[in-house]
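Participant: Fold the following.
(one chain, ligands or ions: 1)
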Amino acid sequence: MALFGRLIVASMPLAPKFIVKRVAMRYVAGPEMSDAISTMRELSAEGACFTVDVLGEEISSMDEANYFHEEYSRLLDAIEEHGLNANISIKPTAFGLLVNRDSAYSNMESITRKAQKLGSFVRLDMEDSRVTQETIDVMLAMHSKGLTNIGVVLQGRLRRTESDIDSICSALGDKSDFRICKGIYLEPDDIAHTKYSEIVGATNSAVTSMLDRGAYTAIASHDLPVIEHALAELRNRGLTDSRSTGLEKKGPGYEFQFLLGVRGDVRRSLASKGHLTRVYVPYGTRWYEYGIRRLRENPEVASHVVKALLMPWTNRR
Ligand code: FAD
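Facilitator: Next up, the predicted model:
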């Protein structure tokens, strides 16, 4: 499967852009903010809520970072104006973390402050291991300024994750709010698990540790062994109906998160059983670069994409 994925990735730049676009548009709302708004309106009927991502990461000038700052600010206004149950996901490198740390902090603070005023939440997406600690530090710095409406993503594949859960929960107590996923970036085996079974095992342990520590836990996986493990842990704790809890609830609580276009049937089934489900909705003009980069980072994604296209019944949007 990995070889198959690599072959697809290698041939992707040769494919006509309109074919790549057809593939990408299953996973991306569209180039404009209005596309994200219409996608969310449609999926709201399925009981989902949302986190919205403006496509793009690791920029090379602060002018580009300012674009993201302005776009996210407009996005928060649009979410409010349309009365959508949605928050935002941001990438610290798109805000300039690796270009000008002080300006990046100040832009992220201004967005988080605006979100706080609107009663909204900011999720810091986790990028590759160069910026793991930096990203956690941004989140802790915001909390120390009273901006508790921000949480980080941890990646099950990284060996450091259990110790990160411990130190973040010790620092933030019941204000700890995590998204836990396997991690899309393939990292070397001195810092990361590299076998499927180990990655699943470590992601499951992280879910358990987050719930044990009373943190708000957003489980972001389409993989049934991870979802089933989380459901068993939630049942053991009597946490069964997260849809009735408020959006901004902190402390013990949970939700399930899915990428737009992936395993909608599993998401709808969880929602019908009372679980809060959130869809990650990316939009933006940089869908082509985003798609190609994601495929290069992890060629296995290409296998999922092709399977979803050839056997669409395995993956309803
Ligand atoms: P997999 O074993 O990869 O997938 C299980 C099954 O789901 C597959 O067999 C397939 O049927 C289906 N599937 C999975 N992906 C696709 C796809 N692209 N197309 C079609 N079918 C698919 N990673 C980070 O490193 N940082 C983040 O901040 C981050 N945020 C995320 C936010 C959300 C809401 C989600 C759901 C994932 C996020 N990820 C992030 C990605 C995550 O780390 C994994 O790389 C990704 O979810 C695939 O792992 P999986 O657990 O879904 O299991």
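Participant: residues in the stretch 51-200 of the chain within reach of the ligand, list them.
Facilitator: Residues of the stretch 51-200 of the chain lying near the ligand by C-beta under 6 Å from any ligand atom: Asp125, Met126, Val153, Gln155, Cys181, Lys182, Gly183, Ile184, Tyr185. Quick note: C-beta positions are derived from backbone N, CA and C, even for glycine.
Participant: ok, and the most crowded of these?
Facilitator: Using other C-beta atoms under 10 Å as the neighbour criterion, Gln155 leads these with 27 neighbours.
Participant: How about the contacts made by it?
Facilitator: Gln155 is in contact with Met126, Thr132, Thr161, Ile180, Cys181, Lys182, Gly183, Tyr185, counting by C-beta atoms under 8 Å, 6 or more residues apart in numbering.
Participant: List just the nearest of those to Met210.
Facilitator: Closest approach to Met210 among these (C-beta to C-beta): Ile180, at 6.3 Å.
Participant: right, and the closest one touches Ile227 too?
Facilitator: No. Counting by C-beta atoms under 8 Å, Ile180 sits too far from Ile227 to count as a contact (11.9 Å).
Participant: More neighbours: which of those two?
Facilitator: Neighbour tally, Ile180 and Ile227, criterion other C-beta under 10 Å: the higher count belongs to Ile180, 27 against 21.
Participant: Quick check: that one vs Ser73, distance?
Facilitator: Ile180 sits 28 Å away from Ser73, going by C-beta to C-beta, to the nearest Å.
Participant: where does the stretch 151-300 of the chain have low pLDDT?
Facilitator: Low-confidence segments of the stretch 151-300 of the chain (pLDDT under 70): 241-251, 293-300.
Participant: Swap in 80 and give it another go.
Facilitator: For the stretch 151-300 of the chain, the stretches with pLDDT under 80 are 240-252, 287-300.
Participant: Can you list the residue ranges for strands in this protein?
Facilitator: For the chain, applying DSSP state E gives strands covering 49-54, 86-90, 122-124, 150-155, 177-181, 216-220, 253-259, 277-283.
Participant: rewinding a little: need the overlap of contacts for Ile180 and Ile227.
Facilitator: Common neighbours of Ile180 and Ile227 (C-beta under 8 Å, 6+ apart) are Ile219.
Participant: can you map out the helices along the chain?
Facilitator: Per DSSP state H, the chain carries helices over the ranges 2-11, 17-24, 33-44, 62-81, 101-117, 132-144, 161-172, 196-212, 224-236, 264-272, 287-297, 300-310.
Participant: And the third one, what does it pack against?
Facilitator: Contacts of helix 33-44 with other secondary structure elements, assessed using 3 or more C-beta pairs under 8 Å, 6 or more residues apart in numbering; DSSP states H and E, are made with strand 49-54, helix 62-81, strand 277-283.
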